[in-house]
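Enquirer: Model the following, please.
(chains A, B, C and D)
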Number of protein chains: 2
Amino acid sequence: MENLENPGHGMSAVPFALVLGSGSLLNQVGRELRTAVETLLAPFDVTSQQAALLLHAARQEASPNQLAPQLGTDTAGMTRLLDRLEDKGLVRRRRHPDDRRSVVIEVTAAGKAIVPRLAPVFGKATAQLLAGFSEAEVRELTGMLQRMLGNLRGAATGS
Amino acid sequence: MENLENPGHGMSAVPFALVLGSGSLLNQVGRELRTAVETLLAPFDVTSQQAALLLHAARQEASPNQLAPQLGTDTAGMTRLLDRLEDKGLVRRRRHPDDRRSVVIEVTAAGKAIVPRLAPVFGKATAQLLAGFSEAEVRELTGMLQRMLGNLRGAATGS
DNA sequence: CGACTGTTGCTGTCGCGACAGCTATTTGGG
DNA sequence: CCCAAATAGCTGTCGCGACAGCAACAGTCG
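Expert: Below is the predicted model of the structure:
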């Protein structure tokens, strides 16, 4: 496992397929996955981000600040995501009564109407993505992804 | 493995971690990887895309049309990527002598100067990403990613 | 020759992630 | 009590991926 930390074992040719820019295999799968989800989502006129937010927000009212990390964005991204969802009438912003800095995301009736149809889409996409994978493989894959995440975040402990 | 195709086994709570929007685990790892690469790339004032293009173009002069898929973008994205690289003076556009529609990407002296220092960055990022992974695991991971890619594309036309 | 078709690249528009800077509000210390 | 720091959200800017539409050019066929 350590030879990976040593750049001299065979990674010099075109070894970076896993890592090269956003054309990397990792990013490629991620992007195509998103595309696939959004194709399934097209009838509802929402993107995968918007659908994800709706699913989270419908389950429990929360503040943008709380949802941001779960959606893989920051508060700035949340602001504009909420703008778009408000434009579509799927969500409304309310001020938190006890803390007027905070916003409570409220799913409108129109939003609630489509939420139940959104969840199956993710199930379908998951099924497509993982077709032919055993449960053990999925577990392994998930574990590897989490280890990589840890390496990227915490590996700083070593460097 | 088949229950994955059946949405009724336990995926209703927060099962979509692998798949949910661009906050999905897959996209998260991809994004953080890109961030990590770009942190290492900061001294050179290029993004991971730009570095990837430089590496490809320096190895062999090519047209935007050819590089686009390798960089995970399309010709429109290439146009603007090249605009930015031209602004930085790292690349120049030339018309192909035999086909005046085509553009040949030429890496300038300034570009050639930094290219040799770009490659190690990807090696370093790879090492960080895969710290603690055995070669077998890397192979397995790569295989799974490719299978997923095939699943998403329709597997029919293959790769 | 001139129209037809396909390719190549450019431009516009939208959605999104990252960062920096700003305002309003809350909170805690003096 | 008032002021400073922290917190929540908004706005601007940049880079990037996807799509649609356009113009220029190449090769083909009538």
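Enquirer: Provide the backbone phi and psi angles at the residue nearest to A:Asp74 when sequence neighbours are not counted.
Expert: Counting by Cβ to Cβ, 6 or more residues apart in numbering or on different chains, the nearest residue to A:Asp74 once its immediate chain neighbours are dropped is A:Ala68, at 5.5 Å. C-betas here are computed from N, CA, C, even on glycine. With angles defined as degrees, to the nearest 10, A:Ala68 sits at phi -50, psi -50.
Enquirer: for A:Arg95, same thing?
Expert: Torsion angles, degrees, to the nearest 10, at A:Arg95: phi -80, psi 140.
Enquirer: The one 4 residues further on too?
Expert: The phi/psi pair for A:Asp99 (degrees, to the nearest 10) reads phi -140, psi 100.
Enquirer: how many neighbours does it have?
Expert: Residues lying near A:Asp99 (other Cβ atoms under 10 Å in any protein chain shown) number 10.
Enquirer: can you check A:Met78 too?
Expert: 22.
Enquirer: Just checking the helix or strand it falls within against chain B, any contact.
Expert: When elements are assigned from DSSP states H and E, A:Met78 belongs to helix A:75-87. No: for a cut-off given as Cβ under 8 Å from any Cβ of the partner chain, helix A:75-87 has no contacts with chain B; the smallest distance is 10.1 Å.
Enquirer: how far is that helix from where the chain is centred?
Expert: 16 Å (Cα atoms, centre = their mean, to the nearest Å).
Enquirer: how about the strands in chain A?
Expert: A:91-95, A:103-107 (DSSP state E).
Enquirer: so how far is DNA strand D from the closest residue in space to A:Val103 that isn't next to it in sequence?
Expert: Nearest residue to A:Val103, sequence neighbours excluded (Cβ to Cβ, 6+ apart): A:Arg93, at 5.1 Å. Note on A:Arg93: its distance to DNA strand D, by Cβ to the nearest atom of the strand, to the nearest Å, is 6 Å.
Enquirer: hang on, the earlier thing: as a markdown table, the strands of chain A with mean pLDDT would be great.
Expert: Converted to a markdown table, the strands of chain A look like this (pLDDT from 0 to 100):
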| stretch | mean pLDDT |
| --- | --- |
| strand A:91-95 | 96 |
| strand A:103-107 | 97 |
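Enquirer: All set, thanks.
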